[in-house]
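S.K.: Sequence and predicted structure are below.
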Amino acid sequence: MARIVTIEQMRAIEAEADRRGVQYDAMMDRAGEGVFAHILRRCGPARGKRVTVVCGGGNNGGDGLVAASLFARAGSDVHVILAAGRKDGDPRLRAAAEAGCTIVSAVGESERATALEPLAESDILIDAVLGTGIRLPLRSPAAEILETLQDRLSRIPRRPYVAAVDCPSGVDCDTGEAAPQAFPADLTVTLGAAKPGLIAFPAAELTGSLIVADIGLPEDLKSLNVPGPLLADPGWVRNWLPRRPRNAHKGTFGRAIVVGGSVNYPGAPVLAGLGAYRAGTGLVSLAVPRCVYGAAVSQLPEATWIVLPEDMGVIAAGAMEALESELANTQALIVGPGFGREKPTAAFLKQLLFREQGRKAPIGFSAAQPSGSPHERLRPPMVVDADALRLLAEQPDGPEMLPHGSVLTPHPGEMAALTGMPTEQIQKARMDTAIRFAREWRSVVVLKGAFTAVADPDGRCAVAPFATAALAHAGTGDVLAGVIGGLIAQGLDGFPAAVLGVCLHGRAGELAAEHGGTTDSVLAREVAAFLQHAIAELREG
């Protein structure tokens with residue numbers, strides 16, 4: 001896992017590491033090695049590649065020089081362009097020259113045009129001009145150099161693969177603001193820890209794929225282990241994948257019930273059911289109004305069905321009686337896909353939430369606030385999604401009444417309805433907002449969108465490293481709700497189920513887009529289909 005830290009926190013971490021014997025020079029060498037290694041993973045062998053490294057005068061430029069030397073030694077034709085002067089006797093500049101790099105200066109305006117000529121033939125451009133410590137607006141000469149680079153990149157016929165060291169030059173790594181001179185990277189290799197500005201827009205639009213490189217920080221640093229948000233990565237979430245013993249049967253992997261559907265939204269519960277099955281759930285049941293059953297049953301033949309009473313095409317107020325007997329043998333409820341917001345369904349949801357329990361919960365279940373008849377059943381953990389969130393917002397203290405271990409999955413508009421906050425305010429403080437209301441509601445909050453934030457009532461927060469337009473299509477949220485519910489059904493608690501589910505869902509969206517060659521045409525059911533590939537990829541490491 002990688003922590004998300006501010007620039008001030010990162011400086012404190014590096015200073016403590018230096019005091020502990022991990023010197024700044026060693027961290028710089030590890031940084032350059034990480035940049036080199038992660039570029040190779042995406043661009044293939046170094047031999048024969050034409051690489052241009054644009055270096056500033058600070059530590060960021062030093063990281064770039066280390067990477068330049070490694071590329072040269074590995075057989076690349078490397079041009080180093082100095083965008084600022086380096087200290088006399090700079091050992092990394094000398095090492096780059098000894099490795100065979102061609103080194104030219106672009107400090108003077110008259111030198112710049114000639115110095116940048118190698119860009120036209122480059123396979124790879126490494127941006128090591130400005131690091132994380134800059135503040136906007138940019139001043140000369142950095143602004144002019146970046147503007148010239150941006151202009152030159154826009155005019156060459158074949159754009160090189162752009163990799164940024166620590167951050168794209170010209171972005172504020174605390175706030176996510178970006179200078180107009182900043183240009184987009186295909187890959188950003190950030191060092192030691194993630195920075196909040198790299199997962200906030202507009203800077204995130206320039207970041208490309210975000211990778212956190214190890215720079216040799218001791219794991220027990222006090223400054224590194226303060227409470228704070230984490231960037232979910234495969235090495236962390238892989239540990240939560242449910243085991244699949246060979247002697248398993250469907251009961252081994254739990255049962256999830258999707259409660260949803262209406263005459264206007266008959267497909268939503270099917271998509272949620274697909275998500276739950278693709279996440280590995282043993283048995284998925286769909287509880288839908290009768291008008292939906294006939295149209296949906298052939299779309300998911302693997303499911304079992306609970307036909308609920310309907311009222312003018314939506315779930316009827318009295319449908320709880322038909323569902324009640326099914327809850328004892330259910331490990332997760334996914335509530336809301338395709339619900340609609342009509343009064344009968346609102347009355348049904350109120351019964352589902354508030355006909356609470358006064359007796360001791362069976363293992364794995366817990367009542368949110370015991371009340372009512374002691375003979376009423378306990379509710380399994382719920383994943384509350386879509387219109388169920390809007391209806392929940394209409395109930396006094398609605399979120400607080402959810403069963404223990406439940407998960408709310410709002411997009412920013414639904415979060416605004418639940419909290420009364422303006423959407424713009426939520427988007428400006430996504431992690432803080434998710435953490436605040438997870439504590440207040442005593443439920444896991446999944447604040448959806450680019451870089452989805454997942455917060456637990458205990459204060460933990462994880463951010464998924466996915467921002468893709470492939471998921472900007474109707475129905476993908478239903479799939480996500482199903483995935484999270486399916487993981488809960490297999491025995492995961494709400495927080496790991498939500499973090500793992502969001503990461504699998506995000507990667508499935510990327511894979512679906514890669515398979516089709518575009519994010520434009522990815523359908524929700526294709527995201528569900530690619531979940532198996534995302535899981536396989538994660539298991540294989």
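M.R.: Arrived safely.

S.K.: Now do Phe365, the pLDDT please.
M.R.: Here the pLDDT value assigned to Phe365 is 33.

S.K.: swap in the one 5 residues further on?
M.R.: In this model, Pro370 is scored at 37, pLDDT.

S.K.: just the one 3 residues further on next, same as before
M.R.: Here, the pLDDT recorded for Ser373 equals 33.

S.K.: try Arg112
M.R.: 83.

S.K.: Then Ala470?
M.R.: So, for Ala470, pLDDT stands at 97.

S.K.: And for it, the neighbour number?
M.R.: By the measure other C-beta atoms under 10 Å, the count of residues near Ala470 is 25. Bear in mind the C-beta positions are built from the backbone N, C-alpha and C, glycine included.

S.K.: For the nearest residue to Ile103 once chain neighbours are set aside, the count of nearby residues, please.
M.R.: Excluding the flanking residues, the one nearest Ile103 by C-beta to C-beta, 6 or more residues apart in numbering is Val80, at 4.6 Å. For Val80, the neighbour count with other C-beta under 10 Å is 28.

S.K.: Looks to me like Val80 is in a strand.
M.R.: Yes. The assignment for Val80, made by DSSP: H, G, I helix; E, B strand; the rest coil, places it in a strand.

S.K.: That one contacts Thr102, doesn't it?
M.R.: Yes. Using C-beta atoms under 8 Å, Val80 is in contact with Thr102, at 6.9 Å.

S.K.: Work out which residue lies at the spatial centre of the chain.
M.R.: Among the residues of the chain, the one closest to the centroid is Ala464, at 1.8 Å (C-alpha atoms, centre = their mean).

S.K.: Which element, helix or strand, includes the residue of the chain most remote from its centre?
M.R.: Within the chain, the residue lying farthest from the chain centre (C-alpha atoms, centre = their mean) is Ser110, at 44.1 Å. Taking DSSP states H and E as the criterion, Ser110 maps to helix 109-115.

S.K.: What residues of that helix count as buried?
M.R.: For helix 109-115, the neighbour count (16 or more other C-beta atoms under 10 Å) marks 112, 115 as buried.

S.K.: where exactly do the strands run in the stretch 1-150 of the chain?
M.R.: 2-3, 50-55, 77-82, 102-105, 124-128 (DSSP state E, counting those that start in this stretch).

S.K.: one step back: by contact count, what packs against the helix holding Ser110?
M.R.: strand 102-105, helix 142-155 (3 or more C-beta pairs under 8 Å, 6 or more residues apart in numbering; DSSP states H and E).

S.K.: Ala434 is nearest to which of those?
M.R.: helix 142-155 (33.8 Å; C-beta to C-beta).

S.K.: Can you name the residues in contact with the closest one?
M.R.: 54, 56, 83-84, 106, 109, 112, 116, 119-120, 125, 129-130, 134, 137-138, 159-160, 162, 169-170, 179, 181-183 (C-beta atoms under 8 Å, 6 or more residues apart in numbering).

S.K.: Output that helix as CSV, restricted to C-alpha atoms.
M.R.: What follows is helix 142-155, C-alpha atoms only, in CSV (Å, rounded to 0.1, in the frame of the first residue of the first chain):
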residue,chain,number,x,y,z
ALA,A,142,10.6,27.5,-16.1
ALA,A,143,7.4,28.7,-17.6
GLU,A,144,9.0,29.5,-21.0
ILE,A,145,10.8,26.2,-21.1
LEU,A,146,7.6,24.2,-20.4
GLU,A,147,5.7,26.3,-22.9
THR,A,148,8.3,25.6,-25.6
LEU,A,149,8.3,21.9,-24.8
GLN,A,150,4.5,21.8,-25.0
ASP,A,151,4.5,23.6,-28.3
ARG,A,152,7.2,21.3,-29.8
LEU,A,153,5.3,18.2,-28.7
SER,A,154,2.1,19.5,-30.3
ARG,A,155,3.9,19.9,-33.7
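
S.K.: pLDDT of that helix, averaged?
M.R.: The model assigns helix 142-155 a mean pLDDT of 91.

S.K.: Could you pull out the buried residues of it?
M.R.: Buried, per 16+ other C-beta under 10 Å, within helix 142-155: 142-150, 152-153.

S.K.: Does anything pack onto the helix or strand following that helix? Which helices or strands?
M.R.: For helix 142-155, the succeeding helix or strand toward the C-terminus, using DSSP H and E, is strand 161-165. For strand 161-165, the packing partners by 3+ C-beta pairs under 8 Å, 6+ apart come out as helix 24-43, helix 59-73, strand 124-128, strand 187-191.

S.K.: Kindly compare burial across the ones you listed and name the winner.
M.R.: The highest mean neighbour count among these, using mean count of other C-beta atoms under 10 Å, belongs to strand 124-128: a mean of 28.

S.K.: Touching that one from outside, list them.
M.R.: 35, 39, 43, 49-56, 60-61, 63-65, 67-68, 71, 76, 119, 153, 160-165, 168-169, 183, 185.

S.K.: For Thr476, which non-adjacent residue is closest in space?
M.R.: Ala524 (4.7 Å).

S.K.: isn't the one you found right up against Val479?
M.R.: Yes. Counting by C-beta under 8 Å, Ala524 does reach Val479; the two are 5.4 Å apart.

S.K.: so what's in contact with those two at the same time?
M.R.: In contact with both Ala524 and Val479: Leu271, using C-beta under 8 Å, 6+ apart.

S.K.: Please identify which of these two sits among more neighbours.
M.R.: More crowded of Ala524 and Val479, by other C-beta under 10 Å: Val479, with 31 against 25.

S.K.: Quick check: nearest residue in space to that one, chain neighbours excluded?
M.R.: Closest to Val479 by C-beta to C-beta, 6+ apart is Gly275, at 4.0 Å.

S.K.: Surely Gly273 is in contact with Gly260?
M.R.: No. Judged on C-beta under 8 Å, Gly273 makes no contact with Gly260 at a distance of 9.5 Å.

S.K.: show me the contacts for the nearest residue to Asn329 once chain neighbours are set aside.
M.R.: Counting by C-beta to C-beta, 6+ apart, Asn329 lies nearest to Arg255, which is 6.2 Å off, once chain neighbours are set aside. If a contact means C-beta under 8 Å, 6+ apart, then Arg255 has 281-285, 329-332, 489 as its contacts.
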